[in-house]
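*Asks:* from the sequence below, what's the structure:
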Amino acid sequence: MPKRIHRRRDADPEEGREKYGDTVFADPTNKKYPIDTPGRIKAAWSYIHQPSNAAKYTAAERRIILGRIRKAARLRKMALPDPAEFLELLRRVRR
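*Replies:* Modelled structure (predicted):
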């Protein structure tokens, strides 16, 4: 499985670097989904599970991103929420 994520046309890596600084990203190619703090790890987890964000990546790329987020959470001994529960909550909130 490749460890490389394609460069997205709708993403500006420089913008991500300016916004978040020189940090670790689950998508380092596009500087998306920073995973350097517990709050950012949870945010990355929730954002990548949103269908509109997930659709911007191939299945293999999503697996890479999810793996990097899980690894960052594991290193900080954090529990990540169940993606299905999160998506259901999003559906209820957006009604």
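*Asks:* for this structure, which segments are assigned as helices?
*Replies:* In chain order, the chain shows helices spanning 13-20, 38-48, 51-54, 59-75, 83-93, with DSSP state H as the criterion.
*Asks:* list of residues touching the last one?
*Replies:* Spelled out, that is helix 83-93. Contacting residues not belonging to helix 83-93 are listed as 45-46, 49-50 [CB atoms under 8 Å, 6 or more residues apart in numbering]. Where you see a C-beta, it was placed from the backbone N, CA and C, and this is true even at glycine.
*Asks:* what about 10 Å?
*Replies:* 42, 45-46, 48-51, 54, 66, 80-82 (CB atoms under 10 Å, 6 or more residues apart in numbering).
*Asks:* hey, which of the helices of the chain is tucked in deepest?
*Replies:* Mean neighbour count (mean count of other CB atoms under 10 Å) peaks for helix 38-48 among these, with a mean of 18.
*Asks:* ok and it relative to helix 13-20, angle-wise?
*Replies:* Calculated by axes from the mean of the first three to the mean of the last three CA atoms, to 10 degrees, helix 38-48 forms an angle of 140 degrees with helix 13-20.
*Asks:* what helices or strands is helix 38-48 leaning on?
*Replies:* Taking 3 or more CB pairs under 10 Å, 6 or more residues apart in numbering; DSSP states H and E as contact, the helices and strands that helix 38-48 lies on are strand 25-27, strand 32-34, helix 51-54, helix 59-75, helix 83-93.
*Asks:* swap the cut-off to 8 Å and go again
*Replies:* Judged by 3 or more CB pairs under 8 Å, 6 or more residues apart in numbering; DSSP states H and E, the packing partners of helix 38-48 are strand 32-34, helix 59-75, helix 83-93.
*Asks:* how about the last one as CSV, C-alpha atoms only?
*Replies:* Same thing as helix 83-93. Only the C-alpha atoms of helix 83-93 are listed here, as CSV (Å, rounded to 0.1, in the frame of the first residue of the first chain):
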residue,chain,number,x,y,z
PRO,A,83,-17.3,7.0,13.6
ALA,A,84,-20.8,5.7,13.2
GLU,A,85,-22.0,7.4,16.3
PHE,A,86,-20.3,10.6,15.2
LEU,A,87,-22.0,10.5,11.8
GLU,A,88,-25.4,9.9,13.4
LEU,A,89,-24.8,12.9,15.7
LEU,A,90,-24.0,15.0,12.6
ARG,A,91,-27.2,14.0,10.9
ARG,A,92,-29.3,14.9,13.9
VAL,A,93,-27.5,18.3,14.4
